[in-house]
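J.: generate a structure from the sequence data that follows.
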Amino acid sequence: MAKVPEVKLHRRVERIRAKKHVYSVSVGGTRNPENHSIVIENAGRTYVDNPRVRANGKSDWFDAETMIADTVKGFRTDAEKAIALCYLFEGTRFQRANADRHSVNPVVLLGSYGYGICGNSAAAQSALAAKAGLRSRYWEINHHTITEVFFDGGWHMMDANVPVFYLKRDNWTIASLADLEDDPDLVGRTSLGAGRSLALHQSWYSTKEYHRAYPTQDANAMADHKLAFVLKPFERFERYWTPVAFKYHDQANNPAAPRRYANGRFVYEPDLAKADPLDWLRKPHAFAQNLAWAKGQSPALRVDKGQIPVWDLASHLVYDVRSGYSIVGGRLAIRGRKTGEGEFNELSVRVIPYGTQREGKLLYQAVGSGEIVAEIDLAPGIQPWGNEGCYFYEVVVGMQANGIAGNVTGLDALRLESDVQVAPEALPALTVGDNEIVYTDESAGARDVRIVHVWRERSGGEPPQAPVGLTPSKKEKVDAFAPVLEWKQPEGTERIADYQILVSRWPHCRLPHCANLYGSTGKSVTHFTVTGNWLIPGKAWFWKVRAKDKAGDWGPWSAIASFRT
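T.: Down below sits the predicted model:
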């Protein structure tokens with residue numbers, strides 16, 4: 001059998017010593033690359049607070065405020081902002097039940113998981129609208145959960161889970177839930193891209209007796225959650241676009257893996273033999289009690305004053321792991337020495353989930369004396385109960401030495417890994433060509449940070465160019481009943497598999513007029529007939545189109561064309 005050639009991994013390393021740092025990463029090939037990983041490493045001896053990397057001005061989902069700012073940028077009216085927040089969920093989530101109660105939070109839902117059901121989407125969407133200054137509420141209806149947003153003097157239904165909104169009979173005003181209850185055919189006449197009918201959803205809206213409103217936002221959805229973390233000296237944060245630990249939340253109860261998810265991991269590996277950790281441990285992130293460092297000796301980090309009846313102060317090394325991403329596993333590898341046996345001679349590992357407010361779980365206790373080498377699975381202590389996601393735990397390495405001359409207990413080396421779940425769509429992806437990368441952090445003092453981008457380049461033809469020759473295009477007047485929109489493909493249509501079209505009432509052409517005028521056409525023909533009387537007379541309309549080739553790559557949008565009815 002012929003050997004499959006390996007695809008080369010490309011790496012770009014950037015050293016950063018400023019609070020804000022802008023640089024460029026050039027990606028070759030002819031198509032967008034396969035993004036592999038991005039690593040943020042603390043190469044210095046100070047703590048780095050909330051380092052962030054943004055690529056090409058996209059996907060800054062650090063918190064709800066940046067998520068909103070990115071999504072509504074350039075929109076002036078409340079209607080535009082509400083629609084934009086609804087379509088934020090398009091392509092950034094898929095349908096899969098999520099047991100973590102935190103996953104109704106928009107930052108957790110779209111940043112860590114990338115999947116949820118309608119209840120997750122509706123609560124998250126409603127919270128974003130509220131934080132954006134819009135009145136909002138979410139409803140449990142028959143078989144579904146939806147959101148309503150108040151603007152232009154009334155309530156309007158916005159379903160982020162599909163996503164979709166419905167127009168009233170005037171084909172202009174966005175319908176409320178009450179409108180849909182009274183006239184469910186407003187749902188039935190609506191279809192998504194490639195003619196996917198929503199008629200089966202009609203009954204969800206017509207059963208008023210099942211409908212219940214939640215005018216107050218869900219507390220977890222409104223929580224001030226951030227994709228925040230602090231890097232200790234000798235620590236790095238790796239994020240991948242695919243699973244590497246093959247771990248995801250609620251894996252024991254739902255063993256079918258999500259169809260799309262990724263892993264990251266915090267890796268903390270201080271060199272205890274060469275650097276005195278007592279010089280840079282900082283509460284609450286890491287601290288030591290009754291420990292001393294002995295340069296050139298083994299163990300390097302050791303019990304200072306022995307545990308005897310007159311000196312019973314505990315000795316321990318504590319590491320605090322906090323992550324905005326859901327923590328799904330962990331490991332601790334240690335190498336140390338314990339020369340004494342019996343009472344007051346101990347080397348142990350405990351894990352305390354969510355900090356000191358809950359009882360810790362003993363996961364390891366050294367037996368005998370001499371060199372101690374162990375690798376401990378921390379998962380049983382990180383999440384020992386229920387389905388709730390974990391975002392904070394402490395690992396405690398406990399030590400005791402009985403004070404008898406020559407008896408020592410301590411560590412020469414350790415490596416702490418914490419696996420997290422990350423949503424690939426929220427990662428700072430590189431594209432073919434030159435990429436502008438912006439690094440920022442919130443550290444007050446100096447920092448020494450390394451960023452490593454890793455990707456595989458792709459070639460083999462080029463993605464489609466933007467369609468040209470759009471007709472109608474210059475505000476000419478057309479028949480409102482069933483106008484035909486036409487275009488040309490510069491590279492021909494032999495490689496084109498599909499087109500996506502968007503018809504808008506707004507000159508910026510970033511939001512659809514309605515669901516029927518947005519989405520995939522499902523074919524490669526270069527025309528689209530607007531049917532269904534969606535375009536009311538006497539209005540200006542704006543439209544654009546883009547192509548997808550048989551390799552599955554979308555090309556850029558065309559220039560915006562316009563017409564009048």
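
J.: the lengthiest strand in the chain pairs with which strands, and in what direction?
T.: Longest strand in the chain by number of residues (criterion: DSSP state E): strand 315-338. As defined by DSSP bridges, the strand partners of strand 315-338 come to strand 286-289 (antiparallel), strand 370-377 (antiparallel), strand 390-400 (antiparallel), strand 409-422 (antiparallel).

J.: any chance you could map the helices in this structure?
T.: 64-72, 78-87, 106-107, 118-131, 177-182, 185-188, 202-206, 219-222, 379-382 (DSSP state H).

J.: dump those helices to JSON lines, plus mean pLDDT, distance to residue 440 and mean neighbour count.
T.: Using the backbone N, CA and C atoms, a C-beta is placed for each residue, glycine as well. Output for the helices of the chain, formatted as JSON lines (pLDDT from 0 to 100; distance: least, CB to CB, whole Å; neighbours: other CB atoms under 10 Å):
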{"stretch": "helix 64-72", "mean pLDDT": "97", "distance to residue 440": "11", "mean neighbour count": "18"}
{"stretch": "helix 78-87", "mean pLDDT": "98", "distance to residue 440": "24", "mean neighbour count": "22"}
{"stretch": "helix 106-107", "mean pLDDT": "98", "distance to residue 440": "17", "mean neighbour count": "30"}
{"stretch": "helix 118-131", "mean pLDDT": "98", "distance to residue 440": "21", "mean neighbour count": "27"}
{"stretch": "helix 177-182", "mean pLDDT": "98", "distance to residue 440": "41", "mean neighbour count": "18"}
{"stretch": "helix 185-188", "mean pLDDT": "97", "distance to residue 440": "44", "mean neighbour count": "18"}
{"stretch": "helix 202-206", "mean pLDDT": "94", "distance to residue 440": "44", "mean neighbour count": "19"}
{"stretch": "helix 219-222", "mean pLDDT": "97", "distance to residue 440": "25", "mean neighbour count": "19"}
{"stretch": "helix 379-382", "mean pLDDT": "90", "distance to residue 440": "29", "mean neighbour count": "20"}
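
J.: can you lay out the ones you listed as JSON lines showing distance to residue 163?
T.: Shown next, in JSON lines, are the helices of the chain (distance: least, CB to CB, whole Å):
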{"stretch": "helix 64-72", "distance to residue 163": "12"}
{"stretch": "helix 78-87", "distance to residue 163": "5"}
{"stretch": "helix 106-107", "distance to residue 163": "14"}
{"stretch": "helix 118-131", "distance to residue 163": "8"}
{"stretch": "helix 177-182", "distance to residue 163": "15"}
{"stretch": "helix 185-188", "distance to residue 163": "14"}
{"stretch": "helix 202-206", "distance to residue 163": "15"}
{"stretch": "helix 219-222", "distance to residue 163": "17"}
{"stretch": "helix 379-382", "distance to residue 163": "34"}
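
J.: quick one, which of those helices is nearest to residue 296?
T.: helix 379-382 (33.7 Å; CB to CB).

J.: re earlier: which one of the strands paired with strand 315-338 lies nearest to residue 261?
T.: Of those, nearest to residue 261 by CB to CB is strand 409-422, at 6.2 Å.

J.: and for residue 414, the neighbour number?
T.: 21 (other CB atoms under 10 Å).

J.: understood, closing this out.
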